[in-house]
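Peer 1: whatever this is, show me its structure:
(3 chains)
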Amino acid sequence: MALKNNFFDEVYQVVRLIPRGRVTSYGAIAKYIGAGKSSRMVGYAMNAAHNMLDVPAQRVVNRNGLLTGKFHFPTPTAMQELLEADGVRVENDTVKDFEKVFWDPSIELH
DNA sequence: CCGTTGACGCCAT
DNA sequence: TATGGCGCCAACG
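Peer 2: As a prediction, the model looks like this:
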(Lines give C-alpha, C1' and ligand atoms only; values in the text may rest on other atoms or scores of the structure.)
Protein backbone atom coordinates (compact mmCIF):
# COMPACT_ATOMS: atom_id res chain seq x y z
CA MET A 1 0.00 0.00 0.00
CA ALA A 2 2.05 2.88 -1.07
CA LEU A 3 0.50 5.07 -3.70
CA LYS A 4 -1.85 7.59 -2.23
CA ASN A 5 -2.29 9.49 -5.44
CA ASN A 6 -5.51 7.66 -6.09
CA PHE A 7 -7.76 7.62 -3.09
CA PHE A 8 -10.22 5.33 -4.80
CA ASP A 9 -7.55 2.85 -5.85
CA GLU A 10 -6.30 2.70 -2.30
CA VAL A 11 -9.79 1.88 -1.13
CA TYR A 12 -10.23 -0.83 -3.74
CA GLN A 13 -6.86 -2.28 -2.85
CA VAL A 14 -7.76 -2.65 0.82
CA VAL A 15 -11.23 -4.03 0.11
CA ARG A 16 -9.72 -6.65 -2.18
CA LEU A 17 -7.54 -7.81 0.73
CA ILE A 18 -10.46 -8.47 3.06
CA PRO A 19 -10.39 -12.23 3.81
CA ARG A 20 -13.43 -14.37 3.12
CA GLY A 21 -15.69 -14.54 6.14
CA ARG A 22 -14.49 -11.20 7.53
CA VAL A 23 -15.75 -7.64 7.26
CA THR A 24 -14.46 -4.14 7.94
CA SER A 25 -15.83 -0.63 8.18
CA TYR A 26 -15.66 2.49 6.05
CA GLY A 27 -13.97 4.37 8.86
CA ALA A 28 -11.32 1.68 9.36
CA ILE A 29 -10.40 1.84 5.69
CA ALA A 30 -10.32 5.62 5.69
CA LYS A 31 -8.10 5.61 8.73
CA TYR A 32 -5.73 3.04 7.26
CA ILE A 33 -5.38 4.98 4.04
CA GLY A 34 -4.78 8.18 5.93
CA ALA A 35 -7.94 9.96 4.95
CA GLY A 36 -8.85 9.91 8.61
CA LYS A 37 -12.24 11.52 8.86
CA SER A 38 -13.14 11.13 5.21
CA SER A 39 -15.02 7.90 5.70
CA ARG A 40 -17.77 9.26 3.48
CA MET A 41 -15.38 9.16 0.58
CA VAL A 42 -14.87 5.45 1.18
CA GLY A 43 -18.59 4.93 0.79
CA TYR A 44 -18.55 7.03 -2.32
CA ALA A 45 -15.69 4.93 -3.65
CA MET A 46 -17.70 1.78 -3.00
CA ASN A 47 -20.51 3.18 -5.07
CA ALA A 48 -18.11 3.62 -7.96
CA ALA A 49 -16.55 0.23 -7.22
CA HIS A 50 -19.68 -1.50 -8.40
CA ASN A 51 -18.15 -1.86 -11.82
CA MET A 52 -15.11 -3.66 -10.44
CA LEU A 53 -16.00 -7.31 -10.06
CA ASP A 54 -13.05 -8.14 -7.86
CA VAL A 55 -14.01 -5.63 -5.18
CA PRO A 56 -16.20 -7.35 -2.55
CA ALA A 57 -18.19 -4.29 -1.48
CA GLN A 58 -20.45 -6.44 0.67
CA ARG A 59 -17.59 -6.91 3.14
CA VAL A 60 -17.63 -3.22 3.99
CA VAL A 61 -20.23 -2.03 6.48
CA ASN A 62 -20.52 0.90 8.83
CA ARG A 63 -18.94 0.98 12.28
CA ASN A 64 -22.02 -0.64 13.84
CA GLY A 65 -21.91 -3.62 11.52
CA LEU A 66 -25.03 -2.33 9.80
CA LEU A 67 -25.44 -3.06 6.09
CA THR A 68 -26.02 0.56 5.15
CA GLY A 69 -25.20 -0.06 1.52
CA LYS A 70 -27.61 -2.92 0.89
CA PHE A 71 -29.96 -0.71 -1.11
CA HIS A 72 -27.22 0.01 -3.61
CA PHE A 73 -27.04 -3.61 -4.67
CA PRO A 74 -29.13 -5.08 -7.50
CA THR A 75 -31.59 -6.42 -4.94
CA PRO A 76 -32.13 -5.48 -1.26
CA THR A 77 -31.04 -8.94 -0.18
CA ALA A 78 -27.99 -9.32 -2.43
CA MET A 79 -25.54 -7.87 0.08
CA GLN A 80 -26.71 -10.09 2.90
CA GLU A 81 -26.69 -13.20 0.74
CA LEU A 82 -23.18 -12.49 -0.45
CA LEU A 83 -22.01 -12.11 3.13
CA GLU A 84 -23.68 -15.31 4.22
CA ALA A 85 -22.09 -17.03 1.26
CA ASP A 86 -18.81 -15.84 2.76
CA GLY A 87 -19.75 -17.42 6.06
CA VAL A 88 -20.75 -14.16 7.74
CA ARG A 89 -24.04 -14.39 9.55
CA VAL A 90 -26.38 -11.44 9.09
CA GLU A 91 -29.38 -10.69 11.23
CA ASN A 92 -31.76 -7.78 10.82
CA ASP A 93 -29.40 -6.03 8.37
CA THR A 94 -26.62 -6.23 10.93
CA VAL A 95 -23.52 -8.44 10.97
CA LYS A 96 -23.79 -11.05 13.70
CA ASP A 97 -20.73 -11.20 16.01
CA PHE A 98 -19.42 -8.11 14.27
CA GLU A 99 -16.53 -7.73 16.69
CA LYS A 100 -15.37 -11.29 15.98
CA VAL A 101 -15.40 -11.08 12.20
CA PHE A 102 -14.19 -7.50 12.08
CA TRP A 103 -11.03 -7.13 10.03
CA ASP A 104 -9.02 -4.01 10.81
CA PRO A 105 -6.56 -3.20 7.99
CA SER A 106 -4.43 -1.00 10.25
CA ILE A 107 -3.83 -4.09 12.40
CA GLU A 108 -3.95 -7.03 9.98
CA LEU A 109 -1.85 -5.28 7.34
CA HIS A 110 0.16 -3.41 9.92
C1' DC B 1 -18.88 28.87 -10.34
C1' DC B 2 -21.82 27.40 -6.58
C1' DG B 3 -25.10 24.75 -3.84
C1' DT B 4 -26.52 19.87 -2.86
C1' DT B 5 -25.85 15.33 -1.92
C1' DG B 6 -24.08 11.27 0.42
C1' DA B 7 -22.48 3.01 1.11
C1' DC B 8 -19.78 7.67 7.53
C1' DG B 9 -18.39 8.84 12.14
C1' DC B 10 -17.84 11.64 16.23
C1' DC B 11 -19.52 14.84 19.54
C1' DA B 12 -22.98 17.70 21.85
C1' DT B 13 -27.60 17.87 23.69
C1' DT C 1 -30.69 5.73 24.92
C1' DA C 2 -32.07 8.73 21.08
C1' DT C 3 -31.55 12.82 17.93
C1' DG C 4 -29.38 16.23 15.65
C1' DG C 5 -25.44 18.87 13.94
C1' DC C 6 -21.04 19.21 11.80
C1' DG C 7 -16.65 17.92 9.40
C1' DC C 8 -14.88 15.73 5.25
C1' DC C 9 -14.47 16.26 0.09
C1' DA C 10 -15.52 14.40 -4.66
C1' DA C 11 -19.22 14.25 -7.97
C1' DC C 12 -23.20 16.29 -10.11
C1' DG C 13 -26.51 19.67 -12.07
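
Peer 1: how about the closest residue to DNA strand B within chain A, what does it touch?
Peer 2: Nearest to DNA strand B in chain A, going by C-beta to the nearest atom of the strand, is A:G69, at a distance of 1.4 Å. The way it works is simple: take the backbone N, C-alpha and C, and place the C-beta from them, glycine included. A:G69 sits next to A:43, A:46, A:57, A:60-61, A:79 when contact means C-beta atoms under 8 Å, 6 or more residues apart in numbering.

Peer 1: separation between it and A:L109?
Peer 2: Distance, A:G69 to A:L109, using C-beta to C-beta, to the nearest Å: 22 Å.

Peer 1: same question for A:W103.
Peer 2: Using C-beta to C-beta, A:W103 is found at 10 Å from A:L109.

Peer 1: which one of the two has more residues nearby?
Peer 2: Shown here are A:W103 and A:L109; by other C-beta atoms under 10 Å, A:W103 has more neighbours (19 against 12).

Peer 1: surely A:T94 touches A:T68?
Peer 2: No. Applying C-beta atoms under 8 Å as the test, A:T94 and A:T68 come out as separate, 10.2 Å apart.

Peer 1: give the bridge partners for the residue nearest in space to the middle of chain A, please.
Peer 2: Among the residues of chain A, A:V60 comes closest to the average C-alpha position under C-alpha atoms, centre = their mean, at 1.7 Å. Listed by DSSP bridges, the beta-bridge partners for A:V60 are A:T24.

Peer 1: show me the contacts for it.
Peer 2: By C-beta under 8 Å, 6+ apart, the residues touching A:V60 are A:15, A:18, A:23-26, A:29, A:42, A:46, A:69.

Peer 1: quick one: pLDDT of it?
Peer 2: With respect to pLDDT, A:V60 scores 97.
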